[in-house]
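A.B. asks: need a 3D model of the sequence below.
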Amino acid sequence: MRFAIIHETVYRFEHPATRAIQTLRLTPRNTDAQLVQSWRIDVSQDCRLVPVEDAFGNLTHTFSIDGPIDELSIVASGRVATLDTSGVLRHTRDRLPLSAYGRCTDRTAIETPVRDFAFDTAVSAGPDRIAELHALMGALHERIAIDPEAPERRPAETLAAGSATARDLAHLFAAAARALDIATRVVVGYVYRGDETVAGAPHLWIEAHLGPGLGWVGFDAVENSCPTDAWVRLAVGLDALDATPIRGVRSHRGAETCETRITLREIAAV
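C.D. replies: Presented below is the predicted three-dimensional model:
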């Protein structure tokens, strides 16, 4: 498939901001499952984007702006061609050892209910790692309802609540997989659901490392599917914070609003 993508975020300030420092993870990388054909980032204020590859292989851009700033718009746009590899991912820019992806964070904490859930689900699936992950994905898809307005929760709280944002479901999935000693990372990106897909936030799923034969394989508990050519990867990390598309500090008095609009449109192949 081939997509035209627009990812726009607009900050508005009650009183003009005096300074803004932002780090962007808004540039997808090439893999054997996707090819970035064109991509650009536009910022409404005059600034210089400084590119750096982070520890996870994400291409980041950092900029700083001095005020006064009434409104700040950041737009990433471009075209990406994708290929269905059944979730198997090769040729990624892996800079960290696999052991790093077994480490838990506050957002992917392995508490007793999560460990018990992971072990019970894995036992029913058998000793095969792929079967265990498919079982976890299916069980989470059935048990956790997606609620975009749900508050941020720890994995054990998500399991008890039975509802979560896509972000917290990915965190729970990562925690459960790591409880089984599977190297796992959280992925932020986009998923195309037909026609012109419009979203107010990026999508999230996980990738698990299944040994030297398969390597990294994606699993999406929201869709109960391994990623196909309808998925576009943007950034990865130990949790969603590591892969957040926009992160930074804005100095100002009063309130701040933030609106995000993401559009995916399938386009004809050249």
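
A.B. asks: which outside residues touch the helix or strand where G213 lies?
C.D. replies: Using DSSP states H and E, G213 sits in helix 211-214. With CB atoms under 8 Å, 6 or more residues apart in numbering as the contact definition, helix 211-214 has outside contacts at V88, R129, I130. (C-beta placed from N, C-alpha, C; glycine too.)

A.B. asks: now with 7 Å, please.
C.D. replies: With CB atoms under 7 Å, 6 or more residues apart in numbering as the test, helix 211-214 has contacts from V88.

A.B. asks: helix, strand, or coil at D84?
C.D. replies: Put simply, D84 is coil when judged by DSSP: H, G, I helix; E, B strand; the rest coil.

A.B. asks: next up, phi/psi of it, please.
C.D. replies: phi -80, psi 110 (degrees, to the nearest 10).

A.B. asks: cool, and P28?
C.D. replies: The phi/psi pair for P28 (degrees, to the nearest 10) reads phi -70, psi 150.

A.B. asks: just L26 next, same as before
C.D. replies: Taking degrees, to the nearest 10 as the convention, L26 sits at phi -120, psi 20.

A.B. asks: check contacts around it.
C.D. replies: L26 sits next to H7, I41, A76, P245 when contact means CB under 7 Å, 6+ apart.

A.B. asks: could you dump those into TSV and include secondary structure?
C.D. replies: Below are the contacts of L26 laid out as TSV (three-state DSSP):
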residue	secondary structure
H7	strand
I41	strand
A76	strand
P245	coil
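
A.B. asks: looking at these, which two lie furthest apart in space?
C.D. replies: I41 and P245 (10.7 Å; CB to CB).

A.B. asks: thinking again about what came up before, dump the helix holding G213 to PDB, keeping only the CA atoms.
C.D. replies: The C-alpha trace of helix 211-214 is given here as PDB (Å, rounded to 0.1, in the frame of the first residue of the first chain):
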ATOM      1  CA  GLY A 211      15.100 -15.100  18.300                       C
ATOM      2  CA  PRO A 212      17.700 -14.900  15.400                       C
ATOM      3  CA  GLY A 213      15.400 -16.600  12.900                       C
ATOM      4  CA  LEU A 214      12.400 -14.300  13.100                       C
END
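
A.B. asks: and for L96, the neighbour number?
C.D. replies: 14 (other CB atoms under 10 Å).

A.B. asks: how about the secondary structure of the nearest residue to it once chain neighbours are set aside?
C.D. replies: Nearest residue to L96, sequence neighbours excluded (CB to CB, 6 or more residues apart in numbering): A55, at 5.9 Å. Of the three states, A55 takes coil under three-state DSSP.

A.B. asks: isn't A55 up against D94?
C.D. replies: No: between A55 and D94 there is no contact under CB atoms under 7 Å: 10.2 Å.

A.B. asks: of these two, which one has the most company?
C.D. replies: More neighbours surround D94 than the other of A55 and D94, with 16 against 11 (other CB under 10 Å).

A.B. asks: grab the nearest non-local neighbour of the more buried one.
C.D. replies: In this structure, D94 finds its nearest non-sequential neighbour in G57, 6.1 Å apart by CB to CB, 6+ apart.

A.B. asks: would you map the helices across the stretch 151-270 of the chain?
C.D. replies: For the stretch 151-270 of the chain, applying DSSP state H, counting those that start in this stretch gives helices covering 155-161, 166-179, 211-214.

A.B. asks: contacts for the second one next, please.
C.D. replies: With contact meaning CB under 7 Å, 6+ apart, helix 166-179 is reached by 102, 104, 107-110, 114-115, 117-118, 133, 136, 140, 144, 146, 150, 152-153, 155, 158-159, 164, 184, 186, 203-206, 208, 221-222, 239-240.

A.B. asks: selection in ChimeraX covering whichever of those residues are buried, please.
C.D. replies: The following ChimeraX line selects those of these that are buried, judged by 16 or more other CB atoms under 10 Å:
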select :104,107,108,109,110,114,115,117,118,133,136,140,144,150,153,155,158,159,164,184,186,203,204,205,206,208,221,222,239,240
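
A.B. asks: so of the contacts of helix 166-179, which ones are in strands?
C.D. replies: Residues of those located in strands (DSSP state E): I146, A164, T184, V186, H203, L204, W205, I206, A208.

A.B. asks: right, I'll leave it there.
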